[in-house]
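Enquirer: sequence and predicted structure are below.
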Amino acid sequence: MRVALFVTCVTDTLYPGTGRATVALLERLGVEVDFPAEQSCCGQPQFNTGYRREAEPLVRRHAEAFRGYDHVVTPSGSCAAMVRENHPRIAARSEDAALERAVAEVAPRTYELSEFLVDVLGVTDVGAHYPHTVTYHPTCHGLRTLGLGDRPRRLLERVRGLELVELPGAAECCGFGGTFAVKNAAVSAAMGADKARDIEGTGAEAVCAVDNSCLMHIGGILARRGSTVRPVHLAEILAATDSTHNADGPGHDGRRTR
Amino acid sequence: MSGRTHLGMPAFPEAATSATRDARLRRNLRHATGTIRAKRAEAVAELPDWAELRAAGAAIKDRTLRHLDHYLEQLEEAVTAAGGTVHWAADAAEANRIVTELVRATGETEVVKVKSMATQEIGLNAALEKAGIRAYETDLAELIVQLGDDLPSHILVPAIHRNREEIRDVFRGRMSRWGRPAPEGLTDDPAELAEAARLHLREKFLRAKVGVSGANFMVAETGTLVVVESEGNGRMCLTLPETLISVVGIEKVVPTWRDLEVFLQLLPRSSTAERMNPYTSMWTGTTDSETADGPRDFHLVLLDNGRTDALADTVGRQALRCIRCSACLNVCPVYERAGGHAYGSAYPGPIGAILTPQLRGTTTELDASLPYASSLCGACYEVCPVAIDIPQVLVYLRERVAEGGEVTVRGQRTTIRPARGHAAERAAMRAARWALDHPGALRAGQRLAARTRRLHPRRLPGPGRAWTASRDLPAVPAESFRDWWRRTRDDRAEGDRR
Ligand code: SF4
């Protein structure tokens, strides 16, 4: 099985710990992971802001970089949704048959991490140990576009030492929304503040999600409020074991906030 | 008094910013939408075939829209055969002129109105007022808006932004200017408020000779119009006056009664979380008997006002499936914080964000800002009973705003330029795309950021300020993933070729 890791530009640049955790986790489960170096951004910021023509070269680059693999795995619900849902749309409008073919090959083989674990590998117990109280925030594109359902929760429930606490209003958007956070900053911040309050109310030590961009927004608000709740990506929890040093707190390097 | 329109509204982000600072508004909205949201979910869960109904609703609407000319002609024939008169209005001005002339011809100077989105869209009340005709809103929430010299902020509950105390104050202070004053010592008890409105309105119903309505549906095969409501005021307006003028968007037609069956299930559950709405009024043409209920003179004004242009757009046209249930508003986290007024249109919330820029175009700053009034969370699509993929249309309209392109305006294909004020953003997007498409440049940027990470400011200047005003920035890590992979794994150093 040839599996490629699509690490996403946000994870690559700001949260490399999530990428390293994904690699460690998959290798522990016996998957050989490749990292195609030609990869870049999936074009989501451009496309979602209305710059389809700027997104198109990135879609092409992406399809070329990931062709020939059995599966592409990414630790991001929103980037997986972009590839599966919007890359075919962009290719269809490009009037470039070669691009359409390449995208048709790559898009359906692209999986968000929890989907890959549950649907492709068929595991829910990944042998993780993470002795902390965690609440789970389902991010919008993972929840609604990909239909991740309870896959992330099923994985979390089997992590030893982890206590999963319910997040009220979990399905409500955290207010990130890419350029929305800048273009409609006041509404974004108001949504984020409500989300942060709900998270704090659970009493959890950490808030887990499958998208680093949403966690960046949520974490930024929590930090500004002086909260002790740490944002942590699902991959980092699932990668943690008895031998990793996670006794001194749920935070990981690459997830500090200024 | 009721002459308020949305003209001159600021762009969405600005209007929304002031709304988020209004704690009372946010409390009112959070409470109202939160309650209805939970009830809707329950009502929908009761039907095991909801998904099929939803697909059927979408399919019926799509087929009707594809053959709209045919069904509208069939409707016109049927309405005429039943004794009604059909008028075609290309835009708001024409529709207002037609209605004004029809009212004038009756010699009356006041009309009673059933709540109607179409007449709000065209600003009919203001047009009538200019012609010396007073239009009385009879829907409770609409009455509150009218008395308060306010604007509606929700499709179903136009006064959702008001709480009980505010409504009591409006009734006490302003009812007397419009007719029967509020009872002495009126409190904010809902039953007392409803009674005050009932007494005030009764006077109008009994006096009115002309009624103005919209319609939720029009059945082409019989020429029947359908209004779905919960207070019964609509029924009074439809049966008591001698003349009835209905202003209806052309997309509201359905081919047959069988089709109606689907929507009468979808609409109440999505909108008020009821299994069946309390009042469903249907009228076909005129009655000629002196004693029978219903108008002796009936006029149907079919309103285009941008609809055929929207229809010409293969992606955007799905917005015309909308049955105005308001479910998308009630689940929208942006609507909940920004309030309905920020959308500057009769159609607020997610549906407004895609419908208004199609009906009005994207030339004003406000209209160009509407497709961006969403975090693309998709909650609206999930609840929409006719499966309008609102996020998809939003992104598609953003493209129109940012890059321009082909659109249909008054039946003519034209190419529009990007909306003003997007040049800097376009340049930034282009630069970002260039860097992302050149991994060498991207890596250099990442390394520079890593090397200078101790120097990064806590607060950013320029557009980044919006981020750091309320959130801390993530710290830049010492090494990107890409560099880590190359250092530890990739002895082939493949990435160096670029
Ligand atoms: S877009 Fe859909 S959910 Fe929104 S009002 Fe229209 S029918 Fe209802």
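Expert: Received, thanks. Residues are numbered from 1 along each chain as shown, chains lettered A, B, ... in the order given.
Enquirer: how about the residue nearest to residue A:27 when sequence neighbours are not counted, phi and psi?
Expert: Of all residues not flanking residue A:27 in the chain, residue A:33 sits nearest, at 6.4 Å (C-beta to C-beta, 6 or more residues apart in numbering or on different chains). C-betas here are computed from N, CA, C, even on glycine. Per-residue torsions, residue A:33: phi -110, psi 140 (degrees, to the nearest 10).
Enquirer: could you point out the longest helix in the chain?
Expert: No chain specified, so I'll use chain A. In chain A, with assignment by DSSP state H, the single longest helix is helix A:185-201.
Enquirer: correction: the question concerned chain B.
Expert: Chain B, longest helix under DSSP H: helix B:23-45.
Enquirer: need the residues that contact that helix.
Expert: Contacts to helix B:23-45, defined as C-beta atoms under 8 Å, 6 or more residues apart in numbering or on different chains, come from residues A:190, B:19-20, B:50, B:157, B:160-163, B:269-275, B:327, B:329-331, B:335-337, B:339, B:383.
Enquirer: buried ones from those residues, can you make that a PyMOL selection?
Expert: A single PyMOL command selects the buried members of those (16 or more other C-beta atoms under 10 Å in any protein chain shown):
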select buried, (chain A and resi 190) or (chain B and resi 19+20+50+157+160+161+162+163+269+270+271+272+273+327+329+330+331+335+336+337+339+383)
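Enquirer: can you narrow the contacts of helix B:23-45 to ones near the ligand?
Expert: With C-beta under 6 Å from any ligand atom as the criterion, those include B:270, B:327, B:383 near the ligand.
Enquirer: chain center to the strand or helix carrying residue B:70: distance?
Expert: Element membership of residue B:70 [criterion: DSSP states H and E] is helix B:68-81. Centroid separation for helix B:68-81 versus its chain: 26 Å, with C-alpha atoms, centre = their mean, to the nearest Å.
Enquirer: send me whatever helix or strand comes next after that helix as PDB with only the CA atoms.
Expert: The helix or strand immediately downstream of helix B:68-81 is strand B:85-89, counting by DSSP H and E. Listed next in PDB are the C-alpha coordinates belonging to strand B:85-89 (Å, rounded to 0.1, in the frame of the first residue of the first chain):
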ATOM      1  CA  THR B  85     -56.400  39.600 -13.800                       C
ATOM      2  CA  VAL B  86     -52.700  38.900 -14.200                       C
ATOM      3  CA  HIS B  87     -50.100  41.700 -14.400                       C
ATOM      4  CA  TRP B  88     -46.400  41.300 -15.200                       C
ATOM      5  CA  ALA B  89     -43.900  43.400 -13.400                       C
END
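Enquirer: elements contacting the helix or strand that strand B:85-89 is followed by?
Expert: Downstream of strand B:85-89, the next assigned helix or strand under DSSP H and E is helix B:92-106. Using 3 or more C-beta pairs under 8 Å, 6 or more residues apart in numbering or on different chains; DSSP states H and E, the elements in contact with helix B:92-106 are strand B:85-89, helix B:117-122, helix B:124-130, strand B:210-213, strand B:243-249, strand B:297-303.
Enquirer: pull out the buried residues from helix B:92-106.
Expert: Buried residues in helix B:92-106, counting neighbours by 16+ other C-beta under 10 Å, are found at B:92, B:94-96, B:98-100, B:102-103.
Enquirer: so which of those comes closest to chain A?
Expert: Here the nearest of the buried residues of helix B:92-106 to chain A, counting by C-beta to the nearest C-beta, is residue B:92; it sits at 27.7 Å.
Enquirer: thought that closest one was touching residue B:307?
Expert: No - Residue B:92 is beyond contact range of residue B:307, at 11.8 Å (criterion: C-beta atoms under 8 Å).
Enquirer: for chain A, tell me whether stretch B:428-444 is touching it.
Expert: Yes - Stretch B:428-444 lies within reach of chain A by C-beta under 8 Å from any C-beta of the partner chain, at B:429-430, B:432-433, B:436-437, B:439, B:442.
Enquirer: ok, which pair from those is furthest apart?
Expert: Pairwise distances across the residues of stretch B:428-444 next to chain A peak at 18.2 Å for B:429 and B:439 (criterion: C-beta to C-beta).
Enquirer: next up, the contacts around the nearest residue to residue B:383 once chain neighbours are set aside.
Expert: Nearest residue to residue B:383, sequence neighbours excluded (C-beta to C-beta, 6+ apart): residue B:327, at 4.3 Å. By C-beta under 8 Å, 6+ apart, the contact list for residue B:327 reads B:40, B:270-271, B:380, B:383-385.
Enquirer: dump those to JSON lines, plus secondary structure and pLDDT.
Expert: Compiled in JSON lines, the contacts of residue B:327 are given as follows (DSSP: H, G, I helix; E, B strand; the rest coil; pLDDT from 0 to 100):
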{"residue": "B:40", "secondary structure": "helix", "pLDDT": "96"}
{"residue": "B:270", "secondary structure": "helix", "pLDDT": "97"}
{"residue": "B:271", "secondary structure": "helix", "pLDDT": "95"}
{"residue": "B:380", "secondary structure": "helix", "pLDDT": "98"}
{"residue": "B:383", "secondary structure": "helix", "pLDDT": "97"}
{"residue": "B:384", "secondary structure": "coil", "pLDDT": "98"}
{"residue": "B:385", "secondary structure": "coil", "pLDDT": "98"}
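Enquirer: so what's the nearest residue to residue A:38 once chain neighbours are set aside up against?
Expert: Nearest residue to residue A:38 in three dimensions, chain neighbours excluded: residue A:65, at 4.1 Å (C-beta to C-beta, 6+ apart). Taking C-beta under 8 Å, 6+ apart, we find residue A:65 in contact with A:36, A:38-40.
Enquirer: give me the subset of those that lies in helices.
Expert: In helices, judged by DSSP H, none of the contacts of residue A:65 are found.
Enquirer: between those residues, which is closest to residue B:448?
Expert: Residue B:448 lies nearest to residue A:40 out of the contacts of residue A:65, by C-beta to C-beta, at 17.2 Å.
Enquirer: what about the residue nearest to that closest one when sequence neighbours are not counted, how many residues close to it?
Expert: Leaving aside its sequence neighbours, residue A:40 sits nearest to residue B:436 (C-beta to C-beta, 6+ apart; 4.5 Å). Other residues lying near residue B:436 total 23 when counted by other C-beta atoms under 10 Å in any protein chain shown.
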